[in-house]
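1. sequence plus the predicted model coming up.
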Amino acid sequence: MAKESDVSLFNDVLEPFRRVINTEPPKDRLSMSAKFNFTESNNTSPKSDLSNLVNLGKRKPSFGGDVETPGKRLRTDSTSSVPPSPWEAKRLKIDLIGAKAQIAKLEARINHQHAIRKEMQILFEEEKASLVEQHKRDERMVSDMEDRLQLIRKREQDLREEFSESMKEFKDTKFKWEKEKMELQKQNSELKDQLLQANVSCKDQISEMQKDMNELLAALEDAQEESELLRGEVEKLKAKADQCTALKSQLEKQSFELQQVSSKLKEIEYERDSYKDWQIQTKTAQKRLVNMAELEKEVARLRANERTLRDAICNKLLLEEQVHILTGKVEALQPVQQELHEAKVKIASLEANLEEWRSAARGHGVESARALSSALENALSGQLTAVETSTQAESQLAQINEELATVKFERDKATAKLNDLQTVRKNQESLIHRLQKRLLIVTRERDSYRQQLDSYEKELTMTLSGDTGAGSAALLSARVEQLEKSLQGYRDLLASHDQDGQAKALENARAEASKYREEAEAAKREVSKLRAQRDQLHAHLDKLAAPTKVLHLADNPAAAASKQMQVDLESAQEEIKKLKAALREGGSRACPEEIQELKQKLENSRIKLQRMKEEFTASAQEYRDVCYMLLGYKIDRTVHKNYRITNMYAESSDEYLTFTLCDDGIEMVHTDYSASLGDLVEVHLHQHRSIPLFLSALTMELFTRTTMQQEVQEC
Amino acid sequence: MSQQQTKNCITLRGSAQILCEYLKFAVNSVLFQRGLYPPETFKAEQQYGITLLISEDPQIKSFLTNLLTQSEEWIINKKVSKLSLIILNVANKEVLECWDFNVQYEEGDVALSKEKNETVGSKDLKKIKQEIRDVMLQIAATISYLPLLDCRCSFDVLVHAKTDCDIPEKWAEAEPVAITNAQNVQLKSFSTSLNKMETIVSYKLND
């Protein structure tokens, strides 16, 4: 459109030139072609126009050629066509000039557009570059941030893992320590048990020994009784000895008689000498006999000596054996002691450990293990409660968020309402505006009317100046005035009415807005109330769980458990019945086999004990007999650490010695019999300091005494 | 992008499996925590990033497998609204404790569902497991306030199914349970974006 108007304008401007400038035929053709070309281009739509323009810009180098081609065509055409009239030529020339001018203009314009375009392109490219750069930077930043995020996540993961690992480690170590503790306690208890066992075994041994002792004492008493018997025998023997002495006295009497006979023989004189010789001979023989007795006594003494020596050797062997046994015992007890020491050390270390634990616990303000566990428990429970509270808080937060969302929704509604109200108000305001406009129009109209009126008046005055006169004019002016007044009144009315209306509308709108707001508030409250109610009802509904049916597996653990319970109950009742029946029958039938077995065991153990006792008494007796037979002394234990020794060759039961076992050996106690052995005591005990020697010497002496008596008796 | 999608895609079956796995561990955890069976019959197992205890009793194991395979089917078909683990006194069959596992059905990821032509969710599995772990920790924490079970107790699991649900073999209808003077404690819930599982424990309050 603009192009067309341009062209028309151009034509208008160029109109005067047409008359002046003469035209030439070839140029006409050119101009025709140009015009033709131009009109052609003008026929296209503005859009294509623009593209054409761009095309033109692009085809700039070949523009001249393009322009020429139609010309050439035309030239070829012109050969056949009629030459144009001068007016036409002129006109064509003018057109050509116009077209050229337009072309120039358009070219300038195109160039300008090109320049603008280039500038714009440059600008855009710059902007694009900057934007690309920005984009790259952003991308880089994003990737960096992502990397960083990744790193942080990784770190977080690592830390979590570390935390879990450390927790696990802590648990493991705790568990281990507890295990160790338990083990050590167990060991401790075991050691205690061992100690107790050792004590018990010691006590058992002691009691066994005491029992042995008692049995030995009993055996001793038996032996004493035996010795009584033997003493009786000794008495008999003594009686025999007395008989022997009587025999001796008889012998003396006989010798006396013999002397009497010899004196009788002296009296017989000649037989006297021979008898004297015989007497001397008998005397020497007697002397020799006396010597023989002494020699025999000496032999006996030496034998006794030998016996005492043998006795000493035997004693020594016995002692050595005892020592061996004791060393064995000591060796056996040493590891126990070692163990005891080790246990003590362990206990000490354990106590130190325990103390460490306790101090660690005290460091945390805890006094006892229970308190520690309770503290741990407290901490755990605290954590748990914290977790719970946090979850509650989260749920509350969610609830609050929901509420917030609903409130926001309400607020949005209210704001929408408010917007509506505002639009209403705006509408009303626009209405007011329109009314004001109308008022303005009305006033203008009035003014125009007034002008018209004035003009009419003028006309009237002009027309009526001649004939009618001023009367009608005055009437008219009065009328006009009246009209004006009424108009004024109307205007006032309109103004007042408008103002009131506006104010009212505004007020109304405000009131409505506030009302709506209140309504919105109320609605909100109601919504929250209803929501709470709904939640309650939901919960109620869930509780009621109306349209569901409840299913369960037929063989569930509860059923199995109840069945088992039933079975147990039945079996228990059955057993009760059985037991009751058994009780009614006679009670002790409960477990006869077991009782029998136990009885048998008891009997067996009794028999065993009996046999062992017998064995022991027999062996003790044997031992004592062997001692007596080998060493010649019967040893009786009278009281604690007191021993009474009676020699095999003692003449009476009063002849005994008493020894006491002291800390530093054995000591002889003063008795009546010992007082009678003064020289032996002096020699062997005070000088040689050997009890076995003394005892042997005593044996020897007693033996020689008895044997001598026997010899005497034999004699 | 496609990898991400496949990674976060949870089907109905997968969701039901997650729920049933949770139920298995939750029931075992309750049985252990409440001391219904001797502790030596339980074996420690790592799950959801924590150590949980699983019963080795063959009877319990077979019971739970039967229960959960059927429950999984029902959950996929949206037939179940609630599973209740009840602990009852064997002597007088009084219900002492009830662990309600409410199953709710959710939309999932609508856009992804349209794309895949089946209902799927797109919640991160890690997040679901974390949520389940929180619930497990809460279950373990309940021992601090639940009353002591000082009688011979046993348990049963009731499935609250829709009325149009068929009763399969080995299953029977049961009476709904009610606890007198009950105290309810709502534990945390978790969601697979297809199913939401709420855990509520109600117990008899002794005063």
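-> Alright, I've got the coordinates. Everything numeric in this text was worked out from a predicted model, so none of it was measured.
2. okay, which residue is most central for the chain?
-> Defaulting to chain A. Taking C-alpha atoms, centre = their mean, the centroid of chain A lies closest to residue A:171, which sits 4.7 Å from it.
3. wrong one, chain B
-> Judging by C-alpha atoms, centre = their mean, chain B has its centre closest to residue B:23, at 2.9 Å.
4. helix, strand or coil for residue 150?
-> Just going to use chain A. Per DSSP: H, G, I helix; E, B strand; the rest coil, the local secondary structure of residue A:150 is helix.
5. oops, chain B please
-> Residue B:150 falls in the coil class when you classify it by three-state DSSP.
6. was I right about the residue nearest to the centre of chain B contacting residue B:84?
-> No - at 11.3 Å, residue B:23 does not count as touching residue B:84 under the criterion of C-beta atoms under 8 Å. Where C-beta positions appear, they are placed from N, C-alpha and C, glycine not excepted.
7. common neighbours of the two, please.
-> Counting by C-beta atoms under 8 Å, 6 or more residues apart in numbering or on different chains, the contacts common to residue B:23 and residue B:84 are residue B:101.
8. how about the helices of the stretch 451-600 of chain A, start to end?
-> A:470-544, A:557-585, A:592-631 (DSSP state H, counting those that start in this stretch).
9. for those, which one sits closest to chain B?
-> helix A:557-585 (3.5 Å; C-beta to the nearest C-beta).
10. packing partners of that closest one?
-> Contacts defined by 3 or more C-beta pairs under 8 Å, 6 or more residues apart in numbering or on different chains; DSSP states H and E place helix A:557-585 against helix B:58-76, strand B:153-162.
11. and the residue nearest to the centre of chain A, what element?
-> If you go by DSSP states H and E, residue A:171 is part of helix A:86-267.
12. give me the number of residues near residue A:315?
-> Here the number of neighbours of residue A:315 (other C-beta atoms under 10 Å in any protein chain shown) works out to 14.
13. any idea whether it is helix, strand or coil?
-> Classified using three-state DSSP, residue A:315 is helix.
14. cool, and residue A:269?
-> Residue A:269 - assigned by three-state DSSP - is coil.
15. likewise residue B:52?
-> Residue B:52 is classified as strand under three-state DSSP.
16. could you report the pLDDT at the residue nearest to it when sequence neighbours are not counted?
-> Distances taken as C-beta to C-beta, 6 or more residues apart in numbering or on different chains put residue B:25 closest to residue B:52, at 5.2 Å, once the chain neighbours are dropped. You'll see residue B:25 listed with a pLDDT of 90.
17. likewise for residue A:408?
-> 93.
18. with residue B:78 instead?
-> 83.
19. next, count neighbours for residue B:86.
-> Using other C-beta under 10 Å, residue B:86 has 22 other residues around it.
20. for it, helix, strand, or coil?
-> The local conformation at residue B:86, judged by three-state DSSP, is strand.
21. so it touches residue B:94, yeah?
-> No - counting by C-beta under 8 Å, residue B:94 is not a contact partner of residue B:86; they are 10.4 Å apart.
22. residues contacting whichever residue of the stretch 151-300 of chain A sits closest to chain B?
-> Minimum separation of the stretch 151-300 of chain A from chain B (C-beta to the nearest C-beta) falls at residue A:164, amounting to 8.0 Å. Residue A:164 sits next to residue B:49 when contact means C-beta under 8 Å, 6+ apart.
23. residue B:201 sits in which helix or strand?
-> Going by DSSP H and E, residue B:201 is in strand B:195-204.
24. quick one: that strand to helix B:58-76, angle?
-> Computed by axes from the mean of the first three to the mean of the last three C-alpha atoms, to 10 degrees, the angle separating strand B:195-204 from helix B:58-76 equals 130 degrees.
25. residues making contact with strand B:195-204?
-> By C-beta under 8 Å, 6+ apart, strand B:195-204 touches B:15-16, B:18-19, B:22, B:26, B:75, B:95-106, B:135, B:138-139, B:142, B:146-147, B:179-191.
26. chain center to stretch B:23-30, what's the gap?
-> Here the centre of stretch B:23-30 is set off from its chain's centre by 7 Å, with C-alpha atoms, centre = their mean, to the nearest Å.
27. same check on stretch A:656-675?
-> 77 Å.
28. which parts of it are buried?
-> A:656-659, A:668, A:673-674 (16 or more other C-beta atoms under 10 Å in any protein chain shown).
29. so which of those residues reach chain B?
-> Taking C-beta under 8 Å from any C-beta of the partner chain as the test, chain B is in contact with none of those.
30. what about these, which are in helices?
-> Of the buried residues of stretch A:656-675, the ones assigned to helices by DSSP state H are A:673-674.
31. put the alpha carbons of stretch B:136-154 into PDB.
-> Presented in PDB, the C-alpha positions along stretch B:136-154 are these (Å, rounded to 0.1, in the frame of the first residue of the first chain):
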ATOM      1  CA  MET B 136      12.300 -50.900  61.400                       C
ATOM      2  CA  LEU B 137      14.300 -48.800  63.900                       C
ATOM      3  CA  GLN B 138      11.000 -47.500  65.300                       C
ATOM      4  CA  ILE B 139       9.700 -51.100  65.600                       C
ATOM      5  CA  ALA B 140      12.900 -52.000  67.500                       C
ATOM      6  CA  ALA B 141      12.300 -48.900  69.700                       C
ATOM      7  CA  THR B 142       8.800 -49.900  70.700                       C
ATOM      8  CA  ILE B 143      10.100 -52.500  73.100                       C
ATOM      9  CA  SER B 144      10.800 -49.600  75.500                       C
ATOM     10  CA  TYR B 145       7.100 -48.800  76.100                       C
ATOM     11  CA  LEU B 146       5.200 -51.900  75.100                       C
ATOM     12  CA  PRO B 147       4.000 -53.900  78.100                       C
ATOM     13  CA  LEU B 148       5.700 -57.100  79.100                       C
ATOM     14  CA  LEU B 149       4.200 -60.300  77.700                       C
ATOM     15  CA  ASP B 150       4.400 -62.600  80.800                       C
ATOM     16  CA  CYS B 151       2.200 -65.400  79.600                       C
ATOM     17  CA  ARG B 152       2.500 -68.100  76.900                       C
ATOM     18  CA  CYS B 153       1.800 -66.100  73.700                       C
ATOM     19  CA  SER B 154       1.400 -66.900  70.100                       C
END
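32. right, is that stretch up against chain A?
-> Yes - contact of stretch B:136-154 with chain A (C-beta under 8 Å from any C-beta) involves B:137-138, B:140-141, B:144, B:152, B:154.
33. can you lay out those residues as TSV showing neighbour count, pLDDT and secondary structure?
-> Formatted as TSV, these follow (neighbours: other C-beta atoms under 10 Å in any protein chain shown; pLDDT from 0 to 100; DSSP: H, G, I helix; E, B strand; the rest coil):
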residue	neighbour count	pLDDT	secondary structure
B:137	18	90	helix
B:138	19	89	helix
B:140	18	88	helix
B:141	21	89	helix
B:144	12	86	helix
B:152	14	84	coil
B:154	21	87	strand
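34. sorry, back to before: confidence score at the residue of the stretch 151-300 of chain A closest to chain B?
-> Looking at residue A:164, its pLDDT reads 94.
35. likewise for residue A:488?
-> Here the pLDDT value assigned to residue A:488 is 88.
36. pick out the most distant pair among the buried residues of stretch A:656-675.
-> Across the buried residues of stretch A:656-675, the longest distance by C-beta to C-beta is 12.6 Å; it joins A:659 and A:673.
37. check the helices and strands packed on helix A:557-585 for me and report the most buried one.
-> strand B:153-162 (a mean of 22; mean count of other C-beta atoms under 10 Å in any protein chain shown).
38. other SSEs contacting that one?
-> Strand B:153-162 sits against strand A:548-553, helix A:557-585, helix B:12-33, helix B:58-76, strand B:80-89, with contacts defined as 3+ C-beta pairs under 8 Å, 6+ apart.
39. right, and these - which one's nearest residue A:201?
-> Here helix A:557-585 is closest among the helices and strands packed on strand B:153-162 (C-beta to C-beta), at 42.4 Å.
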